[in-house]
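[1] coordinates only, sequence not included:
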DNA sequence: TTTTGGGTGAACAATTTGTAAAAACGAAGG
DNA sequence: CCTTCGTTTTTACAAATTGTTCACCCAAAA
């Protein structure tokens, strides 16, 4: 039984990105584009948690927060642009359980969601962040890559890239998709960056198994191809 | 005041294994190798709970169960080899509170013990806030850190941080998670605070054992890494 | 063969962490 | 209320690690 997360956010890019990640982690996700719709959806869905942008058309985040808080104890995490102490104070006064400053990393968002759910006594969705393929273990809880039984020291970006590709085997991602989803929506850089990371991953994974492969799809992007699935 | 668990079990291996685990959890443990001794010890000790093997020399498990039930409501968990419905029915008829099928995992046994105690209205022994690793004892009840047999005076924040990390070995925590979970979600401060505490802990734990280590995960956070788990 | 996209190594840039030292804080006692 | 002492937090800078770009060459499509 998946927990539902309600995202109240008017920026589509951010909302979609959040949805993508949360769904991958096993949450049910719903998006509301403004404050009023946020409150409405909140009442309908009774989500386990609300991710709430501060800057919103119509009713702003603080208003939504107060409204929700008036009728429920559902955990609320605010998304704010500034990291001003002022905001944090206001957030706590208005009843938010935590707040995250943009730009944020997915890692952080997931960690905070888990922490808040745990604090609220709700069991966090314990989607194990661990993928196992023949001779390959990608463990994002320990942040460890195990190849053929041996731990291979692997930098964070490579881990995240591999995890991302491998969590949807056989699906092709364009470089831009990967930059959005792994590097973050606010990243502006050369797409060749992806190539280099893929290359370094390939060095680590070379000739380990014939069950899977980091494959190039010419003129499209990359995929983690798994035999027989 | 530790709760006592009486184990009635003729197989020494199993009995000792159970004892080991239960003692680590803070229970007092007594072992009886056959049914008659089981009943005798039960009367003497008045344990909070009985773990009872079905296959026993002398009086079998059912007999012991009936005898105990005739004179007390003390919770009884049966250990049975088969998972036959027959056994289950018999068990419930004879008054057992739960039953566990061999081979069992310790985690499961502990969970059931707690569940049964809770159901019986008896407070389950609250998880002892004491962690033991090779040469390292983190005792949050006494608020003491013992390294290689020697007590090391350690300030509270360091104790809590270490305890938190060590209670989920190998799991990476981000600095923000640690601030949330150790310092409190309403803490206003710099993430580097964590670094400094980690550094001080490392000074205390330096070169003590190669079984564990306070490890940095670059760009992510810290973890308490334990070999071979 | 031409054109476009990808692989690769290495230089360079950026980020993150270790660390020492100073400042701030807080409880206990005067 | 002030002082003191141990603890915690902040700060600043050096060191380590990782991320990015670039140029050149090769491979794949057309």
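    Arrived safely, thanks for sending. Just so it is clear, the model here is predicted, and its values are computed rather than measured. Residues are numbered from 1 along each chain as shown, chains lettered A, B, ... in the order given.
[2] Residue A:176 and residue A:191 touch, don't they?
    Yes. Using C-beta atoms under 8 Å, residue A:176 makes contact with residue A:191 at a distance of 6.5 Å. Where C-beta positions appear, they are placed from N, C-alpha and C, glycine not excepted.
[3] Would you agree residue A:69 falls within a strand?
    No. Assigned with DSSP: H, G, I helix; E, B strand; the rest coil, residue A:69 falls outside any strand and is helix.
[4] who touches the nearest residue to it once chain neighbours are set aside in this structure?
    Distances taken as C-beta to C-beta, 6 or more residues apart in numbering or on different chains put residue A:95 closest to residue A:69, at 3.7 Å, once the chain neighbours are dropped. Going by C-beta atoms under 8 Å, 6 or more residues apart in numbering or on different chains, residue A:95 touches A:65, A:66, A:69, A:76.
[5] which element is the second one on?
    Taking DSSP states H and E as the criterion, residue A:66 maps to helix A:61-71.
[6] what mean pLDDT would you report for that helix?
    The predicted model assigns helix A:61-71 a mean pLDDT of 87.
[7] now it: how far from the chain's centre is it?
    From the chain centre to the centre of helix A:61-71 is a distance of 24 Å (C-alpha atoms, centre = their mean, to the nearest Å).
[8] Show residues contacting the helix or strand just after it.
    Where DSSP H and E defines the elements, the next helix or strand beyond helix A:61-71 is strand A:76-80. The contact list for strand A:76-80 (C-beta under 8 Å, 6+ apart) reads A:9, A:14, A:49-54, A:61, A:65, A:68-69, A:87, A:91, A:95-102, A:104, A:112-113, A:116.
[9] just for chain A, where's the confidence low?
    A:1, A:82-94, A:121, A:123-127, A:229 (pLDDT under 70).
[10] Most distant residue from the centre of it?
    residue A:207 (30.7 Å; C-alpha atoms, centre = their mean).
[11] Can you report phi and psi for that one?
    phi 60, psi 20 (degrees, to the nearest 10).
[12] and chain A, which residues reach DNA strand C?
    Within chain A, the positions near DNA strand C by C-beta under 7 Å from any atom of the strand are A:192, A:195, A:196, A:198, A:199, A:202, A:216, A:218, A:219, A:220, A:221.
[13] Now list the buried members of the residues you listed.
    A:198, A:221 (16 or more other C-beta atoms under 10 Å in any protein chain shown).
[14] Show me the domain layout of chain A.
    As given by automatic domain parsing, the domain ranges for chain A are A:4-119, A:130-226.
[15] quick one, which of those domains is packed in tightest?
    Mean neighbours per residue, mean count of other C-beta atoms under 10 Å in any protein chain shown, is largest over the domains of chain A for domain A:4-119, with a mean of 19.
[16] centre of the chain versus it, how much separation?
    13 Å.
[17] Next: stretch A:134-153.
    Distance, centroid of stretch A:134-153 to centroid of chain: 21 Å (C-alpha atoms, centre = their mean).
[18] How about that stretch and chain B, any contact?
    Yes. Using C-beta under 8 Å from any C-beta of the partner chain, we find that stretch A:134-153 touches chain B at A:141, A:142, A:143, A:144.
[19] Export these as TSV, with columns for secondary structure.
    Output for these, formatted as TSV (three-state DSSP):
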residue	secondary structure
A:141	coil
A:142	coil
A:143	coil
A:144	strand
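[20] Relative to residue A:150, which of those residues is nearest.
    Distances from residue A:150 to the residues of stretch A:134-153 next to chain B, taken as C-beta to C-beta, are shortest for residue A:144 (10.7 Å).
[21] sec struct for residue A:164, please.
    Following three-state DSSP, residue A:164 is assigned to helix.
[22] so how far is residue A:119 from it?
    Computed as C-beta to C-beta, to the nearest Å, the residue A:164 to residue A:119 distance reads 28 Å.
[23] Ok, residue A:218 next?
    Distance from residue A:218 to residue A:119, by C-beta to C-beta: 48 Å.
[24] List just the nearest of the residues of chain A next to DNA strand C to residue B:41.
    The closest of these, once distances to residue B:41 are taken by C-beta to C-beta, is residue A:202, at 63.5 Å.
[25] thinking in terms of the whole chain, how far from its middle is stretch A:220-228?
    Going by C-alpha atoms, centre = their mean, where stretch A:220-228 is centred and where its chain is centred differ by 21 Å.
[26] let me fix that: stretch A:129-145
    17 Å.
[27] Repeat that for stretch A:112-131.
    13 Å.
[28] what residues does it touch?
    Applying C-beta under 8 Å, 6+ apart, the set of residues contacting stretch A:112-131 is A:2-3, A:5, A:22, A:25-27, A:48-49, A:51, A:73, A:75, A:77, A:97-98, A:100, A:137-141, A:163, A:166-167, B:176-177, B:180-181, B:185.
[29] could you give the angle of the helix holding residue A:66 to strand A:76-80?
    170 degrees (axes from the mean of the first three to the mean of the last three C-alpha atoms, to 10 degrees).
[30] For helix A:61-71, which helices and strands make contact with it?
    With contacts defined as 3 or more C-beta pairs under 8 Å, 6 or more residues apart in numbering or on different chains; DSSP states H and E, the packing partners of helix A:61-71 are helix A:35-45, strand A:49-53, strand A:76-80, helix A:85-94.
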